[in-house]
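>>> no FASTA, just this:
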Ligand SMILES: Cc1cn([C@H]2C[C@H](O)[C@@H](COP(=O)(O)OP(=O)(O)O[C@H]3O[C@@H](C)C(=O)[C@@H](O)[C@H]3O)O2)c(=O)[nH]c1=O
């Protein structure tokens, strides 16, 4: 059982799985097919990323075409600010974002569908982030948007982040031709085109 809530930028969802506590600790189901986020079998890869320092930012990333990824994220040590930005051309919420705090303590999760650029900032040192994705890693179909794009205006709470070289060089949203198109008839109201964004 889990509490699943729509966010201000659908279909991004916040998920809080129930925890059954006892004298040993707790037990929690962290994903079930019958929660209806994705059909059974859709998730094909699990990821684990560790960041040593608070104030590390990873993102904003996406994969496109047949490799577009939906993601279900959670934190098992520490805390992050998890962010999803709508980059579906023609979307009523294009350029808007959801920022959700995910903590090991609370077990909160964020479901990020196709058509969104995703990233997070670590709010604590030693942050372990786990996530499921519904398409395998495909470095030939990766794209990125700058973490500090003023047109998106994310309040990361971090001024001088630890970044990868790749993320430091990422383009602004206005300078990419995003490969996602808003389409109410498609899953996640998103059509994913098989062409690079830049
Ligand atoms: C993402 C990924 C990376 N790698 C490798 C490539 C590279 O050598 C090393 C580090 O990759 P990156 O710098 O891209 O890792 P990172 O910056 O953590 O990338 C991740 O960021 C978050 C925000 C996401 O949303 C993810 O989808 C993914 O893009 O790991 C894989 O083998 N499989 C994967 O699925």
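All right, it came through fine. Remember, it's a predicted structure, so these values are computed and weren't measured experimentally.
>>> which stretches of the chain have low pLDDT?
For the chain, the stretches with pLDDT under 70 are 198.
>>> got the residues of it near the ligand?
Residues of the chain lying close to the ligand (CB under 6 Å from any ligand atom) are 47, 49, 58, 59, 61, 118, 119, 120, 137, 164, 166. The C-beta positions use only the backbone N, C-alpha and C, and glycine is treated the same way.
>>> got the phi and psi for the residue sitting furthest away from the middle of the chain?
Distance from the C-alpha centroid of the chain peaks at residue 23, with 33.6 Å (CA atoms, centre = their mean). Backbone geometry at residue 23, expressed as degrees, to the nearest 10, gives phi -60, psi -20.
>>> repeat for the one 4 residues further on
When quoted as degrees, to the nearest 10, the phi and psi of residue 27 stand at phi -120, psi 140.
>>> is it bridged to anything, and to what?
Beta-bridge pairing of residue 27 under DSSP bridges involves residue 20.
>>> give the contact list for residue 92.
Applying CB atoms under 8 Å, 6 or more residues apart in numbering, one finds that residue 92 lies in contact with residue 182.
>>> quick one: residues contacting the residue nearest to the spatial centre of the chain.
With distances taken as CA atoms, centre = their mean, the residue of the chain nearest its centroid is residue 118 (4.0 Å). Neighbour list for residue 118: 59, 60, 61, 62, 71, 82, 83, 84, 85, 112 [criterion: CB under 8 Å, 6+ apart].
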